[in-house]
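*Asks:* Model the following, please.
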Amino acid sequence: ITVSIVLLYCLRCLNIVNFPKLSLSVAEKVMPLPLVFFGNLLFGLGSTQAVSLPMFTVLRRFSIWLTMMGEQIFLNDKPNVKVQCSVYLMLLGAGIAASDDIAFNFHGYGLLLLNNICTACNGIVMKRKLSSKEFNHNGLLFYNSLFILFPAITLAYMTDDFDKLRSFDKYFDTGFMFAFFFSSIMGFILNYSTLLCTNYNSPLTTTVVGALKNMAVTYVGMFVGGDYIYSTVNFIGLNVSVFGSIVYSWVTFTRKVIPSPSIRKGSIV
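*Replies:* Below is the predicted model:
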């Protein structure tokens, strides 16, 4: 968050990027994106701690269905039958996996449900803000990060996070500095690429790609972490859900682009 604010502000000062200055009008226009983004971040971290990595990545696919429903209701964008079938295939796999999750955690599943709702809302609101042309992706990312900075600091103060910061003794450790620097940069790149993907594609595609990138986490998490309990039904469900993600990507990125009427007529200016 801090990297996004500092970097984009410096780029604006150098006239490399452009977005409006802070004002009450800007704050009103950017809302409620920071709220759902902060909720997505908060519930995501909480559910990651409470649910095994393979189950987390699979159950996150329910956010895809919520996003698809949100697109139809708020953006009037109804996906074709192939896309819908691939989404329901992901849900089927997630349902099969959840039905035999031996390490079931009610609290973790509740946080995960809230995380999925916030993810869908975040994508829909982000697309509407970008489509309205009130903000470009630079301005939206800057003010989204700026307006959640204070709530994030407040939450850290209310918990024991500040005590952990004071007691941490490896700030000048080379390994920590290297990991912290690049994780901060990659966090900015992730948020920036998410905005671009949503702008040029759709919230649904962004959500599916986000789930698909965690495919390796699904399988590696079975061996790393020690919180995954294997069962045949659960493993089958995981694979069905992953296969649905692959089918969606194939259907979405191999579909033919219909040229505009002017191009079909061969008109050249």
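*Asks:* ok, and for stretch 241-249, which residues are buried?
*Replies:* Residues of stretch 241-249 classed as buried: Ser241, Val242, Gly244, Ser245, Val247, Tyr248, Ser249 (neighbour count, 16 or more other Cβ atoms under 10 Å). The C-beta positions use only the backbone N, C-alpha and C, and glycine is treated the same way.
*Asks:* How far does that stretch sit from its chain's centre?
*Replies:* In terms of Cα atoms, centre = their mean, to the nearest Å, the centre of stretch 241-249 is set 17 Å apart from its chain centre.
*Asks:* Can you tell me what sits against it?
*Replies:* The set of residues that contact stretch 241-249 without belonging to it, under Cβ atoms under 8 Å, 6 or more residues apart in numbering, is 58, 61, 64, 83, 85-94, 96-97, 208-209, 211-212, 215, 218.
*Asks:* Do a quick rundown of the helices in the stretch 101-250 of the chain.
*Replies:* Listed in chain order, the helices of the stretch 101-250 of the chain (DSSP state H, counting those that start in this stretch) span 106-131, 137-158, 161-167, 174-200, 203-212, 215-220, 232-253.
*Asks:* The longest one to helix 203-212, inter-axis angle?
*Replies:* Which is helix 174-200. Computed with axes from the mean of the first three to the mean of the last three Cα atoms, to 10 degrees, the direction of helix 174-200 lies at 150 degrees from that of helix 203-212.
*Asks:* and helix 174-200 with helix 137-158, angle?
*Replies:* In terms of direction (the same axes, to 10 degrees), helix 174-200 departs from helix 137-158 by 130 degrees.
*Asks:* okay, the angle between helix 174-200 and helix 106-131?
*Replies:* With the same axes, to 10 degrees applied, the angle from helix 174-200 to helix 106-131 works out at 60 degrees.
*Asks:* swap in the last one?
*Replies:* Taking the same axes, to 10 degrees, one finds that helix 232-253 is oriented at 0 degrees with respect to helix 106-131.
*Asks:* how far is helix 232-253 from where the chain is centred?
*Replies:* That offset, for helix 232-253, works out to 18 Å (Cα atoms, centre = their mean).
*Asks:* Kindly report the same for the second one.
*Replies:* Here helix 137-158 is found 16 Å from its chain centre; the criterion is Cα atoms, centre = their mean.
*Asks:* Where helices are concerned, which of the contacts of stretch 241-249 count?
*Replies:* When helices are assigned by DSSP state H, the members of the contacts of stretch 241-249 inside them are 58, 64, 83, 85-94, 96-97, 208-209, 211-212, 215, 218.
*Asks:* Buried subset of those residues, written for PyMOL?
*Replies:* Those of the ones in helices among the contacts of stretch 241-249 that count as buried under 16+ other Cβ under 10 Å are selected in PyMOL with:
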select buried, resi 58+64+83+86+87+89+90+91+93+94+96+97+208+209+211+212+218
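*Asks:* Tell me who's in contact with Leu111.
*Replies:* Under the criterion of Cβ under 8 Å, 6+ apart, the contact list for Leu111 reads Phe43, Gly46, Ser47, Ala50.
*Asks:* if we go to 6 Å?
*Replies:* For Leu111, the residues meeting the contact criterion (Cβ atoms under 6 Å, 6 or more residues apart in numbering) are Phe43, Gly46, Ser47.
*Asks:* ok, now Asn116?
*Replies:* Neighbour list for Asn116: Phe62, Ser63, Leu66 [criterion: Cβ under 6 Å, 6+ apart].
*Asks:* Apply the buried test to the residues you listed and list what passes.
*Replies:* When burial is judged by neighbour count using 16+ other Cβ under 10 Å, the buried members of these are Phe62, Ser63, Leu66.
*Asks:* pLDDT weak spots in the stretch 51-200 of the chain?
*Replies:* Using pLDDT under 70 as the threshold, the predicted model of the stretch 51-200 of the chain has low-confidence ranges 53-55, 100-104.
*Asks:* ok, Asp173 to Phe180 distance?
*Replies:* Counting by Cβ to Cβ, to the nearest Å, the gap between Asp173 and Phe180 amounts to 10 Å.
*Asks:* same deal with Gly44?
*Replies:* 20 Å.
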